[in-house]
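Colleague: Here is the input, now give the coordinates:
(2 chains)
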Protein chains: 2
Amino acid sequence: MAETKPERVKTFSNVSISGGTHGNEMTGIHLVRRWMSNATARTEVERSSFKTHLLLSNPRAIEKCVRYIHVDLNRQFSHDPITPDKDKYEVQRACEIQKWIADNNVDYSIDLHNTTSNMGVTLILTSLAATTIGLQITASIKEAINFPVSILSLGFAFGKRDSGFTSLTKSGIGIEVGPLAHGTVKSEVFQRTAAVVSKTLDIIEAFNNGKEFQEREIELFECKKMVKYPCDENGNISAMIHPKLEEQDWKPLKKGDPMFMTFGGQTITYEEEEVIWPTFINEASYLEKEIAFAVTKKVKRHLGAVKRI
Amino acid sequence: MAETKPERVKTFSNVSISGGTHGNEMTGIHLVRRWMSNATARTEVERSSFKTHLLLSNPRAIEKCVRYIHVDLNRQFSHDPITPDKDKYEVQRACEIQKWIADNNVDYSIDLHNTTSNMGVTLILTSLAATTIGLQITASIKEAINFPVSILSLGFAFGKRDSGFTSLTKSGIGIEVGPLAHGTVKSEVFQRTAAVVSKTLDIIEAFNNGKEFQEREIELFECKKMVKYPCDENGNISAMIHPKLEEQDWKPLKKGDPMFMTFGGQTITYEEEEVIWPTFINEASYLEKEIAFAVTKKVKRHLGAVKRI
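Modeller: Numbers count the residues shown, from 1 in each chain, chains lettered A, B, ... in the order given. Purely as a prediction, here's the structure:
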């Protein structure tokens, strides 16, 4: 087989790390606060080949320990200019953050999240971020970490355009760790998140310093759509995740497998032919949209080699 | 030993079951809604010797899926008349509920709660409810249930007077089930809560019908005080529950055992001589008061026999 030349990509000069994009997801909030307020701790996120920028994304939601004040901040971002809306705090905040990203020339963003789902550590890529370099960095993080890590490629399952934090930059990842009840912090989740951030920075540093990402095949989960809870005639949710599906994120669900249990105790099974890999099972903040879980497909993806310009 | 005569206690004529006293604790909300809206389901909570009354305690907080709107409703109740305060929705609601309890002659109340702590099923008694009959009913529930149940006697650890829902009635219990992230529901938690409610009603029914509670010794946990998180000079929490204490509700904590881990990774140990049994470890809603866990002591209590008048 003829060896193909590695794709040449620009180095990264400014990396942002943000917590509190959702104001009740505490790990990122406590980590970013610590790195902001403590010079010794700050060295944990500093590297020689790029500058690190720290951000608490949604200060008013953080203060109230709620996901958001008016609208979900993590659905307001865009690669294109954001249209201001003075009545919505998060839209205003999205505009300010977009400017902050531009002013600091941030070219890689790391956004820290927690989920109530039993997803472990998940590295999330929006559609714009799922480039070869984006996936190579992500695959290298997974490889370098000594606990299970899943890669989730969001595509457009959350809407018709990229709207997550990382869509503000040419490359970046969301680090989603669970299970963790919103408003709480757990040392294991805290330490694993810190370890993934540190490893991400190490990998960017190595790339900047000339390390080549080799051609390879990776396994990831592609998000296809959201599944809603069954509802009664009044639009109220009438069932729960079935005990056999509860906490089974990333595991295959096949035709005939239990999916929901009604409040009356009846089992509802999955009836499609196609095998799916549910995740974000029973995420608290998706309940307002009656979302029970996200449907993903486990796929293999070939990645070409990448090297700095 | 001479047999002592059983204490004679009035039967119960009206039992209330309330959910949503905290608007983001979903199990009680879904259970009460189901019993309210469905005649077949309602029979699950009906018995022949008393009337059952259903209540969603904090409708505005339920609608917003938050613990409370202005103040914690479950700290506003009292056995004495409650002083109205038009500016605080929950004080107004506490007055309305006190009137509802009086109008319906409710003499036993069951209030349904969830916790993010790994407490399993806990039957909670306020100080007024920890009478011989109150404890006899509670001990009988524990005995009748085929999964682990703990009994927690609150005393005045939460304040200088009883202020929980059950302080509105001469007898009653709080049913606290976890771990469950606020805003979510899990089938196992749902089914266990329903089973405990059903068993409570069976036991009251049997007592009303003449069954005598025998003299016995029971084991329970007495709540002594709350332990706060370590804070820095700015009053911000500077540590988390130590991984070795996380999820270890009801297990003894001895001098020298790890208790907290600072965000910087240092272990803080428990340094008192006295053995304690922590619970409500890492309960999300106590974080606003910087409460890390509740200190309890495991005690044995002698209960005299009780029979209906």
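
Colleague: For the residue nearest to A:Ile17 when sequence neighbours are not counted, give me phi and psi.
Modeller: Once flanking residues are discounted, A:Ile17 sits nearest to A:Ile110: 4.8 Å by CB to CB, 6 or more residues apart in numbering or on different chains. To be clear about C-beta, it is placed using only N, CA and C from the backbone, and glycine gets the same treatment. For A:Ile110, the backbone dihedrals are phi -120, psi 120 (criterion: degrees, to the nearest 10).

Colleague: Might you report the residue contacts of the nearest residue to A:Phe280 once chain neighbours are set aside?
Modeller: Counting by CB to CB, 6+ apart, A:Ala294 is the residue found nearest to A:Phe280 once chain neighbours are left out, at 4.3 Å. By CB atoms under 8 Å, 6 or more residues apart in numbering or on different chains, the residues touching A:Ala294 are A:157, A:223-227, A:278-280.

Colleague: Give me the next element, helix or strand, following whichever strand or helix holds A:Ala206.
Modeller: Element membership for A:Ala206, per DSSP states H and E: helix A:187-208. If you walk from helix A:187-208 toward the C-terminus, the next helix or strand you reach (DSSP H and E) is strand A:216-228.

Colleague: which residue ranges form the strands in chain A?
Modeller: A:7-9, A:14-19, A:51-56, A:108-114, A:120-125, A:149-153, A:172-178, A:216-228, A:239-241, A:258-262, A:267-269, A:277-279, A:291-303, A:306-308 (DSSP state E).

Colleague: mind listing what A:Ser117 touches?
Modeller: A:178-179, A:249, A:279-283, A:293.

Colleague: Let's see that with 10 Å instead.
Modeller: A:Ser117 makes contact with A:176, A:178-180, A:241, A:246-247, A:249-250, A:278-284, A:286, A:293-294, B:181, B:184, according to CB atoms under 10 Å, 6 or more residues apart in numbering or on different chains.

Colleague: of those, buried ones?
Modeller: With burial judged by 16 or more other CB atoms under 10 Å in any protein chain shown, the buried subset of the contacts of A:Ser117 is A:176, A:178-180, A:241, A:246, A:249-250, A:278-284, A:286, A:293-294, B:181, B:184.

Colleague: still on that earlier bit, chain center to the helix holding A:Ala206: distance?
Modeller: Counting by CA atoms, centre = their mean, to the nearest Å, helix A:187-208 is centred 14 Å from the centre of its parent chain.

Colleague: how about the residues of the stretch 1-150 of chain A near chain B?
Modeller: Contact residues (CB under 10 Å from any CB of the partner chain) of the stretch 1-150 of chain A with chain B: A:24, A:26-27, A:30-31, A:33-35, A:37-38, A:40-41, A:44, A:64-67, A:115-117.

Colleague: of those, buried ones?
Modeller: Buried among those (16+ other CB under 10 Å): A:24, A:26-27, A:30-31, A:33-35, A:41, A:44, A:65-67, A:115-117.

Colleague: what about stretch A:256-271, start to end distance?
Modeller: 6 Å (CA to CA, to the nearest Å).

Colleague: Might you name the residue of the stretch 1-150 of chain A sitting closest to chain B?
Modeller: Of all residues in the stretch 1-150 of chain A, A:Thr116 sits closest to chain B, at 3.9 Å by CB to the nearest CB.

Colleague: In space, what's closest to that residue - neighbours in sequence excluded?
Modeller: B:Ala181 (3.9 Å).
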